[in-house]
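**Student:** coords below, sequence missing:
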């Protein structure tokens, strides 16, 4: 058995173990008011697939999360490289960046609802704000850690600014930017579902809120499990994308 197969086997065993503990707690009546029977959740896990609102909600969550992430990346990557290029600018903006990354986006929801209403636009704006700072910080680190020899070479050859950005700084900061995007991808799903639960905008979060309000606890847990699986799937897809885009960086670490 290869190492990868052993790893997958262990992961499956952990999942089976969790389900066994859950079923055992149900049988001993230890989770009567906390967790629904695992069999009921399992039934609803497949039953919700035929509901039309499941596909609509799933698609809305992914689509809005992707839009917010894209907006954040388009704004944060150029800003991060610009700040990282100039040490004085990085020092002068440090307090503002630290404040922004520490500020909870949920606290902005009342303001965003007043500005945009409880709409998908409001949700996308909240996602973009939440994803902006992880990408910005990692991009700043990447631009700041460019080899000084590379910077001196660029200056000595008088490479134009646009070529310096696309051909030198952006590839050099690529691994850091990829880390920021990885973090922001997970954040986008979390914020999307959270905003949907609070504001009841279209998405998986709204289905969670509605099923809970109707006292359909097994259905609620089924949607929660699908939310977790969505995060796992997106992480796997991002791993494949990162391995393809940064093949040169991964190979250099292995050598």
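**Tutor:** Ah, there it is. Here the structure is a predicted model, which is why all the values come from computation and not from measurement.
**Student:** show me the shaky parts of the protein.
**Tutor:** Counting by pLDDT under 70, the chain contains low-confidence ranges at 1, 31-33, 147, 246-255.
**Student:** chain center to the helix or strand containing residue 115: distance?
**Tutor:** Secondary structure assignment for residue 115, by DSSP states H and E: helix 109-116. How far helix 109-116 lies from its chain's middle: 22 Å, per Cα atoms, centre = their mean, to the nearest Å.
**Student:** what residues of that helix count as buried?
**Tutor:** Neighbour-count burial for helix 109-116 flags 109, 112-113 (criterion: 16 or more other Cβ atoms under 10 Å). Where you see a C-beta, it was placed from the backbone N, CA and C, and this is true even at glycine.
**Student:** is it true that residue 119 touches residue 202?
**Tutor:** No. If you go by Cβ atoms under 8 Å, residue 119 and residue 202 don't touch, sitting 9.4 Å apart.
**Student:** higher neighbour count, these two?
**Tutor:** residue 202 (19 against 14; other Cβ atoms under 10 Å).
**Student:** excluding chain neighbours, what is closest to the residue minimising distance to the centre of the chain?
**Tutor:** Centroid-nearest residue in the chain: residue 186, 1.8 Å away (criterion: Cα atoms, centre = their mean). In this structure, residue 186 finds its nearest non-sequential neighbour in residue 231, 6.1 Å apart by Cβ to Cβ, 6 or more residues apart in numbering.
**Student:** residue 197: neighbour count?
**Tutor:** Neighbour tally, residue 197, other Cβ under 10 Å: 18.
**Student:** would you confirm that it contacts residue 205?
**Tutor:** Yes. Counting by Cβ under 8 Å, residue 197 touches residue 205, with 4.1 Å between them.
**Student:** ok so, going back, now do the helix or strand following the helix holding residue 115: which elements does it pack against?
**Tutor:** Counting by DSSP H and E, the next helix or strand C-terminal to helix 109-116 is helix 120-144. Applying 3 or more Cβ pairs under 8 Å, 6 or more residues apart in numbering; DSSP states H and E, one finds that helix 120-144 contacts helix 52-85, helix 87-92, helix 94-102, helix 109-116, helix 174-199.
**Student:** and helix 120-144, how far out from the chain middle?
**Tutor:** On Cα atoms, centre = their mean, the centre of helix 120-144 falls 10 Å from the chain's centre.
**Student:** next, the angle helix 52-85 makes with it.
**Tutor:** 30 degrees (axes from the mean of the first three to the mean of the last three Cα atoms, to 10 degrees).
**Student:** could you pull out the buried residues of helix 120-144?
**Tutor:** By 16+ other Cβ under 10 Å, the buried positions in helix 120-144 come out as 120, 122-144.
**Student:** OK, contacts around the residue of the chain positioned farthest from its centre?
**Tutor:** Here the chain reaches farthest from its C-alpha mean at residue 156, the gap being 40.0 Å by Cα atoms, centre = their mean. With Cβ atoms under 8 Å, 6 or more residues apart in numbering as the criterion, no residue contacts residue 156.
**Student:** state the distance from it to residue 149.
**Tutor:** 10 Å (Cβ to Cβ, to the nearest Å).
**Student:** ditto for residue 63
**Tutor:** 44 Å.
**Student:** what about those two, which has more around it?
**Tutor:** Per other Cβ under 10 Å, whichever of residue 63 and residue 149 has more neighbours is residue 63, with 15 against 8.
**Student:** so how far is residue 212 from the more buried one?
**Tutor:** Relative to residue 212, residue 63 is positioned 23 Å away (criterion: Cβ to Cβ).
**Student:** next: residue 115.
**Tutor:** 28 Å.
**Student:** repeat for residue 58
**Tutor:** Distance, residue 58 to residue 212, by Cβ to Cβ: 18 Å.
**Student:** quick one, which of those two is more surrounded?
**Tutor:** Taking neighbours as other Cβ under 10 Å, residue 58 and residue 212 compare with residue 58 leading, 19 against 16.
**Student:** ok, the more buried one - contacts?
**Tutor:** 204, 226, 230.
**Student:** highest neighbour count among those?
**Tutor:** Highest neighbour count within the contacts of residue 58, by other Cβ under 10 Å: residue 204, with 26 neighbours.
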